[in-house]
Each structure stands twice: as structure tokens, then as C-alpha cells.
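Asks: this one's sequence-less:
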Ligand code: SF4
Ligand code: SF4
């Protein structure tokens, strides 16, 4: 049985946080880092300012660094690689670059010499992952408590997708277009990376249209576990989802990589459900028409149908600042800037929502949260 430790914490005050992070990690039996090289992987999606609640708060990363130093870690590394970022990326806006400087820990460029891995559960497909994985003893995921347009939640396991350097991520959405196939990829990365531990920043979270354009929400918890799927199960429960409807959680349990439901030595996730949390509307795997004829259709057609069942993004002309970041990240070249408006070819769009994640102006709308 896996353990998830949940600690109440309402503040990013460093002294309080150091204490609470230690309590959560010890209670969840975090592996001792003495003499080890440790990679910390916060969620730095789009390197936004802290108050937007898109990225893991630097105070949580700092508290983990303090704990690892106390344990006698040999070296602590920090890194992430958001979608459009190249080798010069250093997480300045979210405060993590400064934190690395203050704590004298090394920021790692994931785009340098990535290594090819054959990813389990993907029919032998290959994927580039950060080469630093070959040199570290422990990987610790430091996710943010957030919703996600495509996968409903983003958590400890999905956070590992940032180990795929920069633009290597985009083609994954073409190769794995359905929620189920994308969950297989993410769980395959989990099986490849074998992270030792996860600590989730759930002090301030995001509800509604996450992971980048949702609404900041005070949640008030830190979650810690050696079992990343179990931690994501607990997050889903607190958000008010049935955790088994979260594709990554379901896939992780199916592949024997998550032991759920977990036990709770401190607070129990089932007592912490936020009843009015703005969840994303969940879609049946197959719609009515598909359910009648699906058994008789070729697999490729079923995948295409599953993608078309999702809503394509709508581009709002007023807030758009014509930065073209959506055009650059779209993996299928479905977008173009025409007469100061973004136009979409919905026949090409694979509904990956990368454009929505990267848009700095909240100028893209997808589906309504409920
Ligand atoms: S238009 Fe947006 S949702 Fe559609 S494929 Fe391109 S990036 Fe993905
Ligand atoms: S990313 Fe957003 S603001 Fe930039 S061009 Fe696209 S829709 Fe407009």
C-alpha cells in the first residue's frame, strides 16, 4: 500500500514552509539523499510570475533544497524545459533562477545532448529525454496543484513531461492524440525515469482552464509521496474528481505503477474534497454515435474520431497581442496570423491545447469548466 502525506499549509513564509515540507516528506518516507546527486523538477510552464499560480512556487523548491542539504546531498540540480524555450532558458520570471543562485545549486539545460529512450507502453516508440537523467541518483518531481485542459489534472506524473526537451514535446501530441494514448506516453516516461519522490505545491493552486489560463485558488495543502500516481490520485480526489476518470491515474494503476487508493498517515484526501472547485468538464471516451459503430471501425479512424469529439480552440481577437507563440508551438501547422487575427484550420487541429497553454494573453478559449 502506498502512502501519501498531506499537510495543511496556508503560507509561503520560508520558515513555516521549511517545517511543513520536512513534516510531509518524513511522514511519506522520502528516500535519504545523503551523498546523492538529486535532480529537482519543478513545474515551470511558461515561466510566469509566481502570483499567476502556473509554476511551482520557489519557496517550495527552496524548502526541498534546505531539506536535501540537511540530509547531506552531494549535489542538487534544478531544471525544466517549457515548450518554446531554447538553451538560454533560465526561469527568471518565476523566481527559480534567483533561487538557484541564492542556494548555489546548478540550473540544468535539458536541451543539451538529449538522450534517446524507448518508452514502455508506446509500441516501442523512441523519445528524447534530458541527458542529466543519466547522471543523477534521485529525481524528485515538484508539481503544482492545477487543472489541465487535455488531461483534466496536471500533477506529479505529468510534470515529468518537462524532461522532454523544448520542442521535442510538440510531435508527441500528433503521435498520441487521444487522452488515453497520451496518458500511456506519460506513464511510459514515469516507468523510464523512475522518480524517487514527489512533493506537490498545493498551497495556492489553479482551477478552471488550467494549466496556464485558469483561476488562482487557495487550496492550503502540501502533498508528498514516493508513489507519483497515488499522489495524483489524491490531488484528483481533493479537486472533486473520481480519480479513476483521470487518464494518467487510470493508466498508472493499470500498468502497476500506482498503488491506489493510498493510505494517509496525516490528513485523508477524502476528507478534503473542495466541493465548489472549478473542474473541467469530462468527456465520455466515446460519444453515442461512436459507441454504436466503434467496434467495427479501424483503430486509426477511432483515434481521429476521439480527437474530433474534443472542442477545437477559439481565438479571441480582442485580447490577442499577435505574438504568434501559438503559431510556433502548434505541432500540425493549423494556425496562421492573417490580418492581425489568428485563423485555425480545424481539420488539421489535433486538440492538444498547446496553443492555449502557451498564450500569454488569455486569448484562446476551449471548453467551459463546471
Ligand atoms: S491549434 Fe492549438 S489545439 Fe489545435 S493542434 Fe494546434 S496547438 Fe494543438
Ligand atoms: S499566443 Fe495568444 S496572444 Fe499570441 S498570437 Fe496566439 S492567440 Fe494571440
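Replies: Sure, I can see it. Keep in mind it's a predicted model, so treat the numbers as computed, not measured. Numbering: from 1, shown residues only. Ligands and ions are numbered 1, 2, ... in the order given.

Asks: does the residue in the stretch 151-300 of the chain positioned nearest to ligand 1 belong to a helix or a strand, and which?
Replies: Nearest residue of the stretch 151-300 of the chain to ligand 1: residue 173, at 6.3 Å (Cβ to the nearest ligand atom). From N, CA and C alone the C-beta is placed, and that goes for glycine too. For residue 173, the host element (DSSP states H and E) is helix 170-175.

Asks: Just confirm residue 109 contacts residue 87, I think it does.
Replies: Yes: using Cβ atoms under 8 Å, residue 109 makes contact with residue 87 at a distance of 5.2 Å.

Asks: And those two? Which one has more around it.
Replies: residue 109 (19 against 12; other Cβ atoms under 10 Å).

Asks: What distance do you get for the nearest residue to residue 325 once chain neighbours are set aside to ligand 1?
Replies: In this structure, residue 325 finds its nearest non-sequential neighbour in residue 358, 4.9 Å apart by Cβ to Cβ, 6 or more residues apart in numbering. Going from residue 358 to ligand 1 by Cβ to the nearest ligand atom, to the nearest Å gives 8 Å.

Asks: In contact with the residue lying closest to residue 33 once chain neighbours are set aside: list those residues for me.
Replies: Closest residue in space to residue 33, ignoring its immediate chain neighbours: residue 73 at 4.1 Å, by Cβ to Cβ, 6+ apart. By Cβ atoms under 8 Å, 6 or more residues apart in numbering, the contact set of residue 73 is 33-38.

Asks: I'd like those written out as a markdown table, with secondary structure, distance to ligand 1 and neighbour count added.
Replies: A markdown table is the format used below for the contacts of residue 73 (DSSP: H, G, I helix; E, B strand; the rest coil; distance: Cβ to the nearest ligand atom, whole Å; neighbours: other Cβ atoms under 10 Å):
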| residue | secondary structure | distance to ligand 1 | neighbour count |
| --- | --- | --- | --- |
| 33 | coil | 38 | 24 |
| 34 | strand | 44 | 11 |
| 35 | coil | 44 | 11 |
| 36 | coil | 39 | 18 |
| 37 | strand | 36 | 15 |
| 38 | strand | 34 | 24 |
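
Asks: Of all pairs in the residues you listed, which one is the farthest apart?
Replies: Farthest apart among the contacts of residue 73 by Cβ to Cβ are 34 and 37. That separation is 11.5 Å.

Asks: give me the beta-bridge partners of residue 139?
Replies: Beta bridges link residue 139 to residue 39, judged by DSSP bridges.

Asks: need the contacts of residue 73 in CSV with distance to residue 256 and pLDDT, can you?
Replies: Below are those laid out as CSV (distance: Cβ to Cβ, whole Å; pLDDT from 0 to 100):
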residue, distance to residue 256, pLDDT
33, 26, 98
34, 30, 98
35, 30, 98
36, 26, 98
37, 28, 98
38, 26, 98
